[in-house]
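Visitor: give me a model of this one.
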Amino acid sequence: MHVLSGGAAAAVVQGVQAQFEQATGSRIDGTFSAVGMMRDKLVGGAPCDVVILTKPLIEQLIASGHVVPGSARSLGLVKTGVAVRSGTPHPPVGTRAELHAAMSTAEGIYFPDPDKATAGIHFMNVLKSLGLDESLRSKFRIFPNGATAMGAMALSNESSLIGCTQITEINYTQGVDLVAVLPAEFELNTNYTLGICTHTQNLQQAQLLANLLSGPASEAVRRQGGFEF
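Guide: From the prediction side, this is the model:
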């Protein structure tokens, strides 16, 4: 069973994997990265049974014939937050001024792809709004997705680090702490939504996996990561 998913939902897929594989005897082959990259892989012909992206992207894929109409199911809303390496001070980031100061004093700023990742695109717009997108460019540490960015920040030897991505990718990564969600004026709530791909080779198993991902079987892991529903 091939799954293409935004990184924010990786732990949800992994959380139901054993149950699905035991029930079906089939293995889940999951690829997790920026939603734009996953969309491009699907459109480019990559094998896919279930795809998890943002709601607007799923709607686009239904319109283009890549996702079965009526198969879309929400996993929940995910906010975008600020992170630091575990064991380091948590700077105040509750206002525009505080966020500006926290970013300005950091030695390295970790975040996902500003062209393909939902949180990366949004965070770059936040930096532009703060007037920091050019002056801090040398501090940017950009990775394909938020989970990779957080993992790299956790292992970095640099000091005074800060990051921004979906809070699920922060909460599910060891070695980093969620400081807070972005200030209200920069708040982003992303509706992560799954769809069954029209070219699935096993519709029954795809439907079972969709039920597990969006239903009670995954509720605890979704809440733990910060999904709201």
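
Visitor: and the longest helix along the chain, which residues are buried?
Guide: Using DSSP state H, we find that the single longest helix of the chain is helix 10-24. Within helix 10-24, the residues scored as buried using 16 or more other C-beta atoms under 10 Å are 10-13, 15-17, 20. C-betas here are computed from N, CA, C, even on glycine.

Visitor: make TSV out of these and add pLDDT.
Guide: Below are the buried residues of helix 10-24 laid out as TSV (pLDDT from 0 to 100):
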residue	pLDDT
10	95
11	95
12	97
13	98
15	96
16	98
17	97
20	98
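
Visitor: alpha carbons only: can I get the longest helix of the chain in CSV?
Guide: What follows is helix 10-24, C-alpha atoms only, in CSV (Å, rounded to 0.1, in the frame of the first residue of the first chain):
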residue,chain,number,x,y,z
ALA,A,10,3.9,10.9,9.1
ALA,A,11,3.5,9.7,12.7
VAL,A,12,-0.3,9.2,12.1
VAL,A,13,0.5,6.7,9.3
GLN,A,14,3.2,5.0,11.4
GLY,A,15,0.8,4.8,14.3
VAL,A,16,-1.7,2.6,12.4
GLN,A,17,0.8,0.7,10.3
ALA,A,18,1.0,-2.4,12.5
GLN,A,19,-2.7,-2.7,12.8
PHE,A,20,-3.2,-2.3,9.0
GLU,A,21,-0.5,-4.7,8.1
GLN,A,22,-1.7,-7.3,10.6
ALA,A,23,-5.3,-7.0,9.3
THR,A,24,-4.4,-7.2,5.6
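
Visitor: next secondary structure after it?
Guide: strand 29-33 (DSSP states H and E).

Visitor: residues of whichever helix or strand comes after that following strand that come out buried?
Guide: Once the chain leaves strand 29-33, the next helix or strand it forms, by DSSP H and E, is helix 35-43. Buried residues in helix 35-43, defined by neighbour count with 16+ other C-beta under 10 Å: 35-39, 41-42.

Visitor: remind me what helix 35-43 packs against, helices and strands.
Guide: strand 2-6, strand 29-33, strand 50-54, helix 55-63 (3 or more C-beta pairs under 8 Å, 6 or more residues apart in numbering; DSSP states H and E).

Visitor: how about stretch 181-199: buried residues?
Guide: 181-183, 186, 188, 190-198.

Visitor: what's the average pLDDT for the longest strand seen in the chain?
Guide: Counting residues, the longest strand found in the chain (DSSP state E) is strand 73-85. Average pLDDT, strand 73-85: 98.

Visitor: tell me the angle of that strand relative to helix 10-24?
Guide: 130 degrees (axes from the mean of the first three to the mean of the last three C-alpha atoms, to 10 degrees).

Visitor: show residues contacting stretch 88-102.
Guide: Residues outside stretch 88-102 that contact it (C-beta atoms under 8 Å, 6 or more residues apart in numbering) are 82, 84, 105, 126, 130, 132, 160-162, 177, 179-180, 182-183, 185-186.

Visitor: where does the prediction get shaky in this protein?
Guide: The model of the chain has no residue with pLDDT under 70.

Visitor: how many neighbouring residues does residue 144 have?
Guide: Neighbour count of residue 144, defined by other C-beta atoms under 10 Å: 17.

Visitor: what's near enough to touch it?
Guide: 33-34, 37, 112-113, 116-117.

Visitor: ditto for residue 159
Guide: Per C-beta under 8 Å, 6+ apart, neighbours of residue 159: residue 107.

Visitor: can you confirm it is in a strand?
Guide: No. Read with DSSP: H, G, I helix; E, B strand; the rest coil, residue 159 is coil and lies in no strand.
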